[in-house]
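Q: output the structure for:
(chains A, B, C and D)
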2 protein chains.
Amino acid sequence: MGKRVTIKDIAEECHVSITTVSRILNNKKGYCTAETEQKVLDAVKKANYHPNPAARSLVTKKTNLIGVILPDIYNYFFQELFQGAEDFLREKGYSLVLCNTDGDAKREREFLNSLSQGVVDGIIVSTSNREDDNSTILELAQNKFPIITVERYGEELKDIPRILVANREAESMAVHSLYERGHRRIAFICGPVKADNAKRRLEGYRLGLEEVGIPYDEALVCRGDYKLDSGYRATKELLESQEFTALIAANDLMAVGAVRAIQDAGKSVPDDISVIGYDGTLLAELSKPVLGTVILHGYDMGKLSAENLFKIIKGKKIADKKVVFKPELKLGESIRTIQKEK
Amino acid sequence: MGKRVTIKDIAEECHVSITTVSRILNNKKGYCTAETEQKVLDAVKKANYHPNPAARSLVTKKTNLIGVILPDIYNYFFQELFQGAEDFLREKGYSLVLCNTDGDAKREREFLNSLSQGVVDGIIVSTSNREDDNSTILELAQNKFPIITVERYGEELKDIPRILVANREAESMAVHSLYERGHRRIAFICGPVKADNAKRRLEGYRLGLEEVGIPYDEALVCRGDYKLDSGYRATKELLESQEFTALIAANDLMAVGAVRAIQDAGKSVPDDISVIGYDGTLLAELSKPVLGTVILHGYDMGKLSAENLFKIIKGKKIADKKVVFKPELKLGESIRTIQKEK
DNA sequence: CTGAAAGCGCTTACAG
DNA sequence: CTGAAAGCGCTTACAG
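A: As a prediction, the model looks like this:
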């Protein structure tokens, strides 16, 4: 870059002190005449002057940067989350530092540590779907560093502002919905053991069964890993050994795999087997048949996490330390009514 | 946050000057005994001391932040681009500031202006698929601000480091491939008028036809907007008025729309009509039939743009100001051989 | 309404 | 091998 214009240059140009320029730039009202103000503003514009963020930051202890730590940028939910946060925070003058952990707890810890040491003013950190380690988050929060977690579990986080998804309710709702359409044999493909939300979705499935009075049958449950292939394989296995008219997968990707397996076995979705996914991704919408799924409202979650983080930074109280988003069941073309319940 | 530990605290703790601490932290060798070094390093670790980035930045004029300006975070190509850049730059100690323009030229200009004023050390800016305005980029580059463009066109950018995709070659390759499989009536769905790469892909289609000796027939070309629906509608129109055995869509999303339209018209892909997309997205891979597509190597492009940007920042020469990536045609299940060419 | 001066927490010539 | 001091470009009490 060429020689930078500094506040001193502007001050000299306008024959005022740098104090005055600084005040005008920071919208401190009532300190000077409108003339002076206009003169300075003109000079600033003419010189295309922008205050040096580092210098400003050194004094104010604010960077106007927010860190967003995610495990997977290829995942639609996290893209929505990011976008919701960005849309809110950009308005407030923040830029976002996006950090991709790839589900690696060590890398997550590094990001948390480095970002919190003066790089950003606050952090939004989401779940990893693998092994989470909440100790660093806890430490930061105890040091009053503004941080908010999204879809992250653990008793130790109870005092930390967080935003969650009602995973149990959602899957229970899916079971209810299938039950009402006459389904009694409902299979379930769950996510990886290590993922907290996978556990919760499975619990929701069991809860739903219990509520409608269907006994839980372990043989109808298969383990997956949130990837397409695992959904395919699990469904294939299920088809070989079990009878069922509906299947719930703990995410959309596995649901697509399930649909494939069903079709490859010469059966139809939804004529022979109804399928419901989870996440409400574009994938579900673009599937053929359009996949029934659970919509998570990632965008709104991102927006709210940004709003709450912003409040924390500004020293305001947030309404609820813990906000649980209720997902929405979206019926697609992949669900068939066998028989209306009377 | 609690009271921050500063370099002064460490210096006092170790009974050395802050100069010495600074030098050790910055790996300036040969300035002190191994003992002193160890003593300081221990204190740093014990206090969990991290130098204040703003203070450091104020002196060094470096922020260790890189801006990445993209039009659409939901687009797989840009996700790959980002990831490639992040993987390289994280290694070098940088964090990435991700800015989403949503294709808005005004917002892009704002990001370019604000980021370049001391927020980041360099910028990777990609195409918008809508209206691009290269003037700000040009200005920054002229002021020696490290910037690199990806898949962005315009004669005025000729002296600016950039990374491109051989769009023409790719589509011409697609035509060749279909031709070799016996196809003679090949339809094309192009992208939006304003997108430079859409124009190039169309040119590639025409070029390919010319090369294999098929006359260009305007009636076989329909305008889309890179969205699924436009692919669906365009294909529906084509099916109603034209005879063709193959169709190329300028991106995967429109290709999926095309497949839908073909199937909804009671025809089969690839038995009746072969389809080739563009972008090599997961969508193509997850489609049924698996979509033949053009793989863009977004990850490698992101990595190289990061590498080159890094070199520019370090004042090194980059090998080529302009690098053109050759896409790869990936045959899926959506392409049928009508008749082998002799 | 305005400004001189201190200070934010570092790095880096410069001197020894 | 080590340190005192200047200076990076701002903001903000403090004084007028």
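Q: for A:Arg206, which residues are in contact?
A: A:Tyr216 (CB atoms under 8 Å, 6 or more residues apart in numbering or on different chains). (Glycine included, C-beta is placed from N, CA and C.)
Q: pLDDT of stretch A:212-230, averaged?
A: The pLDDT scores in stretch A:212-230 average 95.
Q: what residues sit buried inside that stretch?
A: Within stretch A:212-230, the residues that count as buried by 16 or more other CB atoms under 10 Å in any protein chain shown are A:Val212, A:Ile214, A:Leu220, A:Val221, A:Cys222, A:Gly224, A:Asp225, A:Tyr226, A:Leu228, A:Ser230.
Q: tell me the pLDDT at the residue nearest to A:Leu157 when sequence neighbours are not counted?
A: Distances taken as CB to CB, 6 or more residues apart in numbering or on different chains place A:Asn134 nearest to A:Leu157, at 5.7 Å, with adjacent residues excluded. Per-residue pLDDT puts A:Asn134 at 91.
Q: wait, doesn't A:Asn134 sit right on A:Gly154?
A: Yes - at 4.9 Å, A:Asn134 and A:Gly154 qualify as touching, with contact defined as CB atoms under 8 Å.
Q: so how many other residues sit close to the residue in the stretch 101-250 of chain A that DNA strand D sits nearest to?
A: Proximity of the stretch 101-250 of chain A to DNA strand D (CB to the nearest atom of the strand) peaks at A:Gly118, 13.6 Å away. When neighbours are defined as other CB atoms under 10 Å in any protein chain shown, A:Gly118 has 22 of them.
Q: that one belongs to a helix, doesn't it?
A: Yes - going by DSSP: H, G, I helix; E, B strand; the rest coil, the assignment for A:Gly118 places it inside a helix.
Q: one step back: Serialize the buried residues of stretch A:212-230 to JSON lines and add fields for secondary structure and distance to DNA strand D.
A: Converted to JSON lines, those look like this (DSSP: H, G, I helix; E, B strand; the rest coil; distance: CB to the nearest atom of the strand, whole Å):
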{"residue": "A:Val212", "secondary structure": "helix", "distance to DNA strand D": "60"}
{"residue": "A:Ile214", "secondary structure": "coil", "distance to DNA strand D": "62"}
{"residue": "A:Leu220", "secondary structure": "helix", "distance to DNA strand D": "62"}
{"residue": "A:Val221", "secondary structure": "strand", "distance to DNA strand D": "58"}
{"residue": "A:Cys222", "secondary structure": "strand", "distance to DNA strand D": "58"}
{"residue": "A:Gly224", "secondary structure": "coil", "distance to DNA strand D": "53"}
{"residue": "A:Asp225", "secondary structure": "coil", "distance to DNA strand D": "50"}
{"residue": "A:Tyr226", "secondary structure": "coil", "distance to DNA strand D": "46"}
{"residue": "A:Leu228", "secondary structure": "helix", "distance to DNA strand D": "51"}
{"residue": "A:Ser230", "secondary structure": "helix", "distance to DNA strand D": "53"}
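Q: of all those, which comes closest to B:Cys190?
A: The closest of the buried residues of stretch A:212-230 to B:Cys190 turns out to be A:Leu228 (CB to CB; 30.5 Å).
Q: show me what contacts the closest one?
A: A:Leu253, A:Met254, A:Val256, A:Gly257, A:Arg260, B:Leu286.
Q: now it: closest residue in space that isn't a chain neighbour?
A: Distances taken as CB to CB, 6+ apart place A:Gly257 nearest to A:Leu228, at 4.3 Å, with adjacent residues excluded.
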